[in-house]
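> For reference, the sequence and a predicted model appear below.
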Amino acid sequence: MRRIGVHTSIAGGLHLSLERAHALGCNTLQIFSHNPRGWDVKILSDREASRFRSLRAERDISPVFIHASYLVNLASRDGALRRKSVGMLVTEMERADKIGADYVILHTGICWDTCHAFAAGYDIRETVVADMISSEMEKYIGLDSLKLIHLNDSKGEAGAGVDRHEHIGLGNIGISALSRFINRRAFRNIPLILETPKKNEADDLINLAKVRKMTISQ
């Protein structure tokens with residue numbers, strides 16, 4: 001069974017992200033392990049970590065992805081910012097280890113985001129472009145290094161340089177192109193995490209239903 005999930009909130013405790021994912025029928029998830037917009041990180045207690053690990057096993061949710069802080073910039077020319085970024089990434093890895101998360105998402109290990117790529121000019125509506133992506137991944141990084149696909153439609157057009165996520169099938173990429181892309185032989189076993197707009201839980205349910213239909217139909 002393909003692993004499909006969404007980014008869920010940790011409001012009220014890390015373990016509640018698992019309950020939210022389970023309620024949506026997800027078997028994988030992505031979370032922030034703390035406020036991603038601040039440098040100060042609250043210590044993660046052994047009790048909270050243990051509770052997360054136990055509930056994760058009970059709900060059979062795997063893999064678990066932690067998205068790194070938005071503030072991390074390992075390529076900054078500002079030495080102070082670069083040092084803080086390295087320190088924050090170390091913290092992210094330590095927290096991931098503590099709760100038993102499988103991966104930390106930094107978009108340098110490989111996590112392919114359909115909206116990011118589309119905005120950057122990779123028009124995956126075109127078969128030749130999708131062919132190029134998979135062949136270049138295999139040539140330069142190895143397909144076994146691809147651990148996650150962030151599956152999002154795009155409000156902007158291909159090459160617009162605007163990273164604005166849209167609901168599945170309501171953006172400029174479209175259901176047909178997204179379906180063809182995630183069901184390519186090279187990608188069909190890669191977990192999918194949706195980062196589509198969310199005003200309420202119903203939005204996740206609608207998008208998840210579309211994606212499940214896309215994967216079942218292939």
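It's in.
> List of residues touching the biggest strand by length in the chain?
The strand spanning the most residues in the chain, taking DSSP state E as the definition, is strand 146-151. With contacts defined as CB atoms under 8 Å, 6 or more residues apart in numbering, strand 146-151 is touched by 30, 63, 65, 103, 105, 109-116, 137, 168, 178, 182, 187, 190-195, 211. Just so you know, the C-beta spots here come from the backbone N, C-alpha and C atoms, and that holds for glycine as well.
> so of those, which ones are in helices?
114, 115, 116, 137, 178, 182, 211 (DSSP state H).
> Which member of those residues is positioned nearest residue 89?
Checking the ones in helices among the contacts of strand 146-151 against residue 89 by CB to CB gives residue 116 as the nearest, at 19.5 Å.
> how close does the residue nearest to that closest one when sequence neighbours are not counted sit to residue 118?
Sequence neighbours aside, residue 163 is the residue nearest to residue 116 in space, at 5.7 Å (criterion: CB to CB, 6 or more residues apart in numbering). The gap separating residue 163 from residue 118 is 9 Å, by CB to CB, to the nearest Å.
> intersection of neighbour lists for these two?
Joint contacts of residue 163 and residue 118 (CB under 8 Å, 6+ apart) are residue 156.
> Can you give me every residue that contacts residue 35?
Contacts of residue 35 by CB under 8 Å, 6+ apart are residue 41.
> Which elements pack onto whichever helix in the chain runs longest?
Secondary structure of the chain per DSSP H: the longest helix is helix 79-99. With contacts taken as 3 or more CB pairs under 8 Å, 6 or more residues apart in numbering; DSSP states H and E, helix 79-99 sits against helix 46-59, strand 64-67, strand 103-105.
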